[in-house]
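Participant: Would you be able to build a 3D model of this:
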Amino acid sequence: FFGAIIAGDLADFIGRRTTVIAGCGVFIIGVILQTASSTVALLVVGRLIAGFGVGFVSAIIILYMSEIAPRKIRGAIVSGYQFCVTIGLMLASCVDYGTEHYTNSGSYRIPIGLQMLWALILATGLFFLPESPRYFVRKGKVEKAAHVLSRLRGQPVESDYIQDELAEIIANHEYELSIT
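Facilitator: Numbering: from 1, shown residues only. This is a model prediction of the structure:
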């Protein structure tokens, strides 16, 4: 809850991509504490820290995906994200069932520790993706926004397609400024 509340302002300040990567880092720290815990107190502290990271990621990842995706597939990408979350819940249940009869700490350390894998995959993948063009427009870096759009759409910066989309992003940003 608190991670999600803070994430929006943080994403506007440091970027969407960077906020999600930071959220993954915070989550991984929480998972490490939970996995290493031998007391309930450390498990709870790790859980709180991991929850903070999940709040960052869950609040901003959909924003980031919708800002970098072409308009005609935005809905499918966001729906795909939700589908993957549901698949993840199913896989987590399978791991829980697989370790429920362990009589040692592996019964909770394995399911908790495996969560780190998904955060590592997400954070690593984001290092290969650009920052959101809307973030760059918001920061007044229109040229960077144009280069990011060019990279994402596979079109030259000078193309009408890129220039039209960039103009739309700028117009939306100016409209948002005018109503606040």
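Participant: longest helix in this protein, by residue count?
Facilitator: As assigned by DSSP state H, the longest helix anywhere in the chain is helix 40-68.
Participant: got the angle for the helix or strand following it vs helix 40-68?
Facilitator: Next along the chain after helix 40-68, taking DSSP states H and E as the criterion, comes helix 74-99. Note on geometry: by axes from the mean of the first three to the mean of the last three C-alpha atoms, to 10 degrees, helix 74-99 and helix 40-68 are set 160 degrees apart in direction.
Participant: next one: helix 74-99 to chain centre, how far?
Facilitator: Centre-to-centre, helix 74-99 and its host chain are 15 Å apart (C-alpha atoms, centre = their mean, to the nearest Å).
Participant: that older thread, which helices and strands does the longest helix of the chain pack with?
Facilitator: Counting contacts by 3 or more C-beta pairs under 8 Å, 6 or more residues apart in numbering; DSSP states H and E, helix 40-68 packs against helix 2-14, helix 16-36, helix 74-99, helix 106-126, helix 133-138. Every residue, glycine included, has its C-beta placed from N, CA and C.
Participant: Nearest to A146, out of the ones you listed?
Facilitator: helix 133-138 (7.7 Å; C-beta to C-beta).
Participant: what's next to the closest one, contact-wise?
Facilitator: Contact partners of helix 133-138, identified using C-beta atoms under 8 Å, 6 or more residues apart in numbering, comprise 11-12, 15-16, 67-68, 142, 144-146, 148-149, 152, 166, 169-170, 172-173.
Participant: Of the residues you listed, which count as buried by neighbour count?
Facilitator: With burial judged by 16 or more other C-beta atoms under 10 Å, the buried subset of the contacts of helix 133-138 is 11, 15-16, 67-68, 144-146, 148-149, 152, 166, 169, 173.
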